[in-house]
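Participant: Everything below, folded, please.
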Amino acid sequence: MTPQATVEAFIARWNACDIDALMALCAEDIVYHNIPMEPVHGTTAMRAMVETFLADIARCEWQTHAIAANGNVVLTERTDGFVFKDGRKAAIRVMGTFALDANGRIAAWRDYFDMAEFAREFATG
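Facilitator: Predicted structure coming up:
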């Protein structure tokens, strides 16, 4: 797959809430960094974070508005939508950067978003 096709497949696997399939596209030493938060290192830590995050999510509805690739780097402009198991919905605007390694796996994933928007959208009360 091209780097762009890999990222598109990764997003599709998020939308399917298929943790095994999305993790299969990641390098073992991946660095996943939601820029307002601390980075997560390696697939074990990333899987634990994703599993915890998706525990209350019924489905993901990520929409890519724009995507561009330059070599092994892919940039995405997205709205990441989520539907909770209790029916609530949340959506945040995201700018994502993905860097793929020589094996075509995602080695670095950085998402930039507004933490205030995240807190507002994911508030439970």
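Participant: Now do the strands in this structure.
Facilitator: 26-34, 40-41, 57-70, 73-84, 89-100, 106-112 (DSSP state E).
Participant: Using a markdown table, lay out those together with mean neighbour count.
Facilitator: C-beta here means a position set from N, CA and C on the backbone, and glycine is covered the same way. A markdown table is the format used below for the strands of the chain (neighbours: other CB atoms under 10 Å):
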| stretch | mean neighbour count |
| --- | --- |
| strand 26-34 | 18 |
| strand 40-41 | 16 |
| strand 57-70 | 14 |
| strand 73-84 | 18 |
| strand 89-100 | 18 |
| strand 106-112 | 19 |
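Participant: Spatially, which residue comes closest to A68, not counting chain neighbours?
Facilitator: In space, and not counting its chain neighbours, A68 is closest to L75: 4.9 Å by CB to CB, 6 or more residues apart in numbering.
Participant: For D56, which residues are in contact?
Facilitator: Contact partners of D56, counting by CB atoms under 8 Å, 6 or more residues apart in numbering, are 84-86.
Participant: ok, now with 7 Å
Facilitator: Contact analysis of D56 by CB atoms under 7 Å, 6 or more residues apart in numbering lists 84-85.
Participant: and it, what are its phi and psi?
Facilitator: In terms of degrees, to the nearest 10, the main-chain angles of D56 are phi -100, psi 10.
Participant: again with A55
Facilitator: According to degrees, to the nearest 10, A55 has phi -60, psi -40.
Participant: Go ahead and measure how far the helix or strand of the chain with the lowest mean pLDDT is from the middle of the chain.
Facilitator: Least confident helix or strand, the chain: helix 115-121 with a mean of 92, by mean pLDDT, DSSP states H and E. Here the centre of helix 115-121 is set off from its chain's centre by 16 Å, with CA atoms, centre = their mean, to the nearest Å.
Participant: For that helix, name the packing helices and strands.
Facilitator: Applying 3 or more CB pairs under 7 Å, 6 or more residues apart in numbering; DSSP states H and E, we find helix 115-121 packed against strand 89-100.
Participant: Give me the contacts around the strand it packs on.
Facilitator: Here strand 89-100 makes contact (CB under 7 Å, 6+ apart) with 3, 6-7, 72-83, 106-113, 117-118, 121-122.
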